[in-house]
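K.L.:
Sequence and computational prediction follow.
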Amino acid sequence: MDGHGYGVLDGTAARSQMDYYAVSDKTRQDATAAWVRSYRALNATQKVERADAPVR
């Protein structure tokens with residue numbers, strides 16, 4: 001729980017996907033963010049699965 005970041009939720013009729021990003025240094029305005037992982041749920045399913053890439 002030492003890391004800091006944010007998540008981006010994207011929803012379409014076909015799926016919902018949450019992308020998680022980590023921030024390099026929360027105290028700096030020039031900090032960078034890097035994608036960590038993503039999870040998605042396809043329409044008409046109740047299964048959450050890991051996605052291979054963030055939504056572009």
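P.N.:
In hand now; what should we look at?

K.L.:
Spatially, what comes nearest to residue 9 if we skip its sequence neighbours?
P.N.:
Spatial nearest neighbour of residue 9, chain neighbours left out: residue 18 (5.1 Å); criterion: CB to CB, 6 or more residues apart in numbering. All C-beta spots, glycine's among them, are computed from the backbone N, C-alpha and C.

K.L.:
Skip ahead from the helix or strand hosting that neighbour and say which helix or strand is next.
P.N.:
Per DSSP states H and E: residue 18 is located in strand 15-23. Using DSSP H and E, the helix or strand that directly follows strand 15-23 along the chain is strand 33-42.

K.L.:
Run through who's touching that following strand.
P.N.:
5-6, 14-24, 47-55 (CB atoms under 8 Å, 6 or more residues apart in numbering).

K.L.:
Return a ChimeraX selection command for the buried portion of the residues you listed.
P.N.:
To isolate the buried subset of these in ChimeraX, counting by 16 or more other CB atoms under 10 Å, use the following:
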select :17,18,19,21,51,54
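
K.L.:
how close does residue 43 sit to residue 10?
P.N.:
The gap separating residue 43 from residue 10 is 13 Å, by CB to CB, to the nearest Å.

K.L.:
What sits closest to residue 32 if chain neighbours are left out?
P.N.:
Excluding its sequence neighbours, the residue lying closest to residue 32 (CB to CB, 6+ apart) is residue 24, at 4.7 Å.

K.L.:
residues contacting that neighbour?
P.N.:
Counted by CB under 8 Å, 6+ apart, residue 24 has contacts 31-34.

K.L.:
Now tabulate those in a markdown table and tack on neighbour count.
P.N.:
Putting the contacts of residue 24 into a markdown table (neighbours: other CB atoms under 10 Å) gives the following:
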| residue | neighbour count |
| --- | --- |
| 31 | 12 |
| 32 | 10 |
| 33 | 12 |
| 34 | 9 |
